[in-house]
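K.L.:
Make a model of this:
(2 chains)
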Amino acid sequence: MSWFKRIKEGITTSTKEKKETPEGLWYKCPSCKNIQPSKEHADNYYVCQKCSYHERIGSHEYFEILFDNNEFTEFNSKLISGDPLHFTDTKKYTDRLTDTIRKTQLNDAIRTAYGKVGGHDIVICCMDFEFIGGSMGSVVGEKISRAIDVCLEKKFPLMIISKSGGARMMEAAFSLMQMAKTSAKLTLLAEAKLPYISLLTDPTTGGVTASYAMLGDLNIAEPGSLIAFAGPRVVKETIGKDLPKGFQTAEFVLEHGFLDLIIHRNELKAKLSQLLEFFEN
Amino acid sequence: MSHLDFEKPLDELKDQLEKAKQIAEKGKVDVSGLIMEIEKKIEDTRKNIFSNLTAWQKVQLSRHPDRPYSLDYIKAITNNTFIEMFGDRNVKDDKAMIGGFGMVDGQTIMFIGQQKGNNTKMRQYRNFGMPNPEGYRKALRLMKLAEKFNKPVITFIDTPGAFPGLEAEERGQGEAIARNLYEMSILKVPVICFIIGEGASGGALGIGIGDKVMMLENTWYSVISPESCSSILWRNWDNKEKAAEALKLTATDMQDLKLVDGIVKEPLGGAHSNPDKMFQTVKSEIKKLLPKLLEMDPKIRVEKRIEKFCSMGVYTEG
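P.N.:
Numbers count the residues shown, from 1 in each chain, chains lettered A, B, ... in the order given. This next block holds a predicted model:
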């Protein structure tokens, strides 16, 4: 015996009255499994309201969070990587690039723009992890180099938001030399006494850590970010032991003396604008 | 004794030569013609093998256990005037990174290099040529010392990579390398870098920002070793040969791509087949390069160094 008895057969809701559930209406935190409306999660800077887990976000979101009224001028957006080595692994590098560009609507793993943060002029370079793991190749190096040129010309401070697995293997030694290129170029910024703020976000590893990410006048990180030279898997293999809890987190790196401070994303804009004021004053 | 597969044909011929010489010593039969013939054959075989090396074979040669290491070069080049200096004045002394002053024809030079060991015990002592952060900081300390007293810096690069250990991470391996890249870019004295063996990634670059970066003929320099590249991109270690080709990591490739400034020729059979000749070649290379760099105005020299690295990269404006 069923509890309810169906009186009318078939679906009786007319198509006009049908209500679609929009995609991604809910966000489930991968850390604490708490479920919250996506809109609220986005309004909270993509940080979990319960456990403060900082979701990985891209340049689109960071620019929106940081630039006043989301107003900024992007430059060199059309730079696209060449394929100097005609590199092919399981897939041609050129095909990989074309596919990734189509899928992500990005031209490479970094975007550069200038605008105002709390009324202060600044150039921000922001990496996108979804573009081949935020890997650094020729375009990332060149865009940072040109962003520094803009800083020098306009006398603006620089901020680089790092989020990267390291150097891009498909450009081999060219990628390696981007470490040299960006570090060398940063010396010009220092000579002009323009501040450089490095924001390390989850994850920042390999060649990016071993070049511009660690060279800030201020090195700042988001809570809980993985910050490493060699990734945890490699270190674990090397020492043949389990890694201590919290190894290579932003908090760990701060305790060992390589970060100036950790800033919660909710306070990022306010703190950044205050820091810029310190330098300007 | 040869260690590499492609060197094996030479072993057989060398055996034959040995036997022929024994017969000659006994003096009964005249084998001088035969000996000459075998010697010529050895020469030809060697030429044949070494003029057609694949990228992977060059990688193997760069790791040849008989290959001379940094200290061998430095001692020979400085005619034993080298005095080693230790420590980063911070944590400890890193045995995988060595440095100190030496003299080449009346000119004081700061030599710095990664150091590997010749036997199992020494290899461990030298941590297989993989420096920790204190190694890079020691290198930087010595470079600053050289800068203070206006002495040029020469580095010898030979590392399978910066050490990926727990303490290395705690002490900021990334920061240490980054700092060196930054400081070497603006070092006021001339800097010449020689890749004498393996040039693996950031660990190599950490002492590799020079006015002139030279690669020995049978060495490699890239963002990753062919084995690791294979394991990441193909998910196994079997494609290391393919990876070695794809990475374009040989001296010729790197020169063609304008990522290094030149190639230093090795004796036929590789640096280990005639170390003394190799040392002489490197020494004459230094004597050729250094005077021109010393003549330059320090400011222009630094500008040019920065410009050189800033021009590296291939992209389209889209």
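K.L.:
Could you list the low-confidence segments of the stretch 151-281 of chain A?
P.N.:
Residues of the stretch 151-281 of chain A meeting the criterion pLDDT under 70: none.
K.L.:
Could you pull out the strands in it for me?
P.N.:
Secondary structure of the stretch 151-281 of chain A (DSSP state E, counting those that start in this stretch): strands located at A:158-164, A:196-204, A:218-221, A:261-262.
K.L.:
what pairs with the shortest one, and is each one parallel or antiparallel?
P.N.:
Okay, so that is strand A:261-262. If you go by DSSP bridges, strand A:261-262 pairs up with strand A:218-221 (parallel).
K.L.:
Measure how far the strand it pairs with is from the centre of its chain, please.
P.N.:
Relative to its chain's centre, strand A:218-221 lies at 14 Å (CA atoms, centre = their mean, to the nearest Å).
K.L.:
Give me the buried positions along stretch A:35-51.
P.N.:
Residues A:His41, A:Asn44, A:Tyr45, A:Tyr46, A:Val47, A:Cys48 are the ones in stretch A:35-51 that count as buried (16 or more other CB atoms under 10 Å in any protein chain shown). Placement of C-beta: from N, CA and C, glycine included.
K.L.:
Could I get the average pLDDT for the helix or strand hosting the first one?
P.N.:
It stands for A:His41. Assigned by DSSP states H and E, A:His41 belongs to helix A:38-43. In this model, helix A:38-43 has a mean pLDDT of 93.
K.L.:
cool, stretch A:114-130 as well?
P.N.:
Mean predicted confidence for stretch A:114-130 is 97.
K.L.:
try stretch B:203-215
P.N.:
Stretch B:203-215 comes out at a mean pLDDT of 98.
K.L.:
again with stretch B:133-153
P.N.:
Stretch B:133-153 comes out at a mean pLDDT of 98.
K.L.:
do stretch B:165-173 as well
P.N.:
On average, stretch B:165-173 scores 96.
K.L.:
Could you list the buried residues of that stretch?
P.N.:
B:Gly165, B:Leu166, B:Ala168, B:Glu169, B:Glu170, B:Arg171, B:Gly172, B:Gln173.
K.L.:
what are the ranges of the helices in chain A?
P.N.:
A:38-43, A:59-66, A:93-104, A:138-154, A:172-191, A:206-209, A:232-239, A:250-255, A:268-280 (DSSP state H).
K.L.:
Buried deepest among these, which one?
P.N.:
Neighbour counts (mean count of other CB atoms under 10 Å in any protein chain shown) averaged over each of those peak at helix A:206-209, with a mean of 30.
K.L.:
roughly how far out does that one sit from the chain middle?
P.N.:
The answer for helix A:206-209 is 14 Å, by CA atoms, centre = their mean.
K.L.:
ok, back up a step: just the buried residues of stretch B:165-173 that are near chain A?
P.N.:
B:Gly165, B:Leu166, B:Ala168, B:Glu169, B:Glu170, B:Arg171, B:Gly172, B:Gln173 (CB under 8 Å from any CB of the partner chain).
K.L.:
Secondary structure added to those, as CSV?
P.N.:
Output for these, formatted as CSV (DSSP: H, G, I helix; E, B strand; the rest coil):
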residue, secondary structure
B:Gly165, coil
B:Leu166, helix
B:Ala168, helix
B:Glu169, helix
B:Glu170, helix
B:Arg171, coil
B:Gly172, coil
B:Gln173, helix
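K.L.:
Let me know the closest of those residues to A:Ile35.
P.N.:
Using CB to CB, B:Glu169 comes nearest to A:Ile35 of these, at 34.9 Å.
K.L.:
Which residue ranges make up the domains of chain B?
P.N.:
With domains defined by automatic domain parsing, chain B comprises B:5-52, B:58-310.
K.L.:
which one of those has the lowest average pLDDT?
P.N.:
Taking the mean pLDDT of the domains of chain B, domain B:5-52 comes last: a mean of 85.
K.L.:
That one spans what distance, first to last residue?
P.N.:
Start to finish, the residues bounding domain B:5-52 are 14 Å apart (CA to CA, to the nearest Å).
K.L.:
As a check, name the ranges of all strands in chain B.
P.N.:
B:83-84, B:97-104, B:107-114, B:153-159, B:191-200, B:212-216, B:220-222, B:262-264, B:315-316 (DSSP state E).
K.L.:
Next, format those as TSV and append mean neighbour count and distance to A:Thr90.
P.N.:
Shown next, in TSV, are the strands of chain B (neighbours: other CB atoms under 10 Å in any protein chain shown; distance: least, CB to CB, whole Å):
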stretch	mean neighbour count	distance to A:Thr90
strand B:83-84	12	47
strand B:97-104	22	37
strand B:107-114	24	33
strand B:153-159	28	29
strand B:191-200	27	23
strand B:212-216	25	29
strand B:220-222	29	19
strand B:262-264	17	32
strand B:315-316	18	24
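K.L.:
Of all those, which one is nearest B:Asp11?
P.N.:
strand B:191-200 (22.9 Å).
K.L.:
which helices and strands does the closest one pack with?
P.N.:
Packing contacts for strand B:191-200, counted by 3 or more CB pairs under 8 Å, 6 or more residues apart in numbering or on different chains; DSSP states H and E, involve helix B:55-62, helix B:70-77, strand B:153-159, strand B:212-216, strand B:220-222, helix B:275-295.
K.L.:
Mind listing residues that contact the helix holding A:His41?
P.N.:
A:Gly24, A:Leu25, A:Trp26, A:Tyr27, A:Val47, A:Cys48, A:Gln49, A:Glu55 (CB atoms under 8 Å, 6 or more residues apart in numbering or on different chains).
K.L.:
picking up where we left off before, for B:Glu134, which of the strands of the stretch 151-281 of chain A is the nearest?
P.N.:
Among the strands of the stretch 151-281 of chain A, strand A:218-221 sits nearest to B:Glu134 (CB to CB), with 20.0 Å.
K.L.:
For B:Leu17, the count of nearby residues, please.
P.N.:
17 (other CB atoms under 10 Å in any protein chain shown).
K.L.:
So the closest residue to A:Ala270 other than its chain neighbours versus chain B, what's the distance?
P.N.:
Distance criterion CB to CB, 6 or more residues apart in numbering or on different chains; nearest residue to A:Ala270, sequence neighbours excluded, is A:Gly118 at 7.2 Å. For A:Gly118, the distance to chain B (CB to the nearest CB, to the nearest Å) stands at 29 Å.
K.L.:
A:Gly118 against A:Ser273, yeah?
P.N.:
Yes: in this structure, A:Gly118 is within contact of A:Ser273 by CB atoms under 8 Å, at 2.7 Å.
K.L.:
picking up where we left off before, between the strands of chain B, which one is closest to B:Gly27.
P.N.:
Here strand B:212-216 is closest among these (CB to CB), at 43.1 Å.
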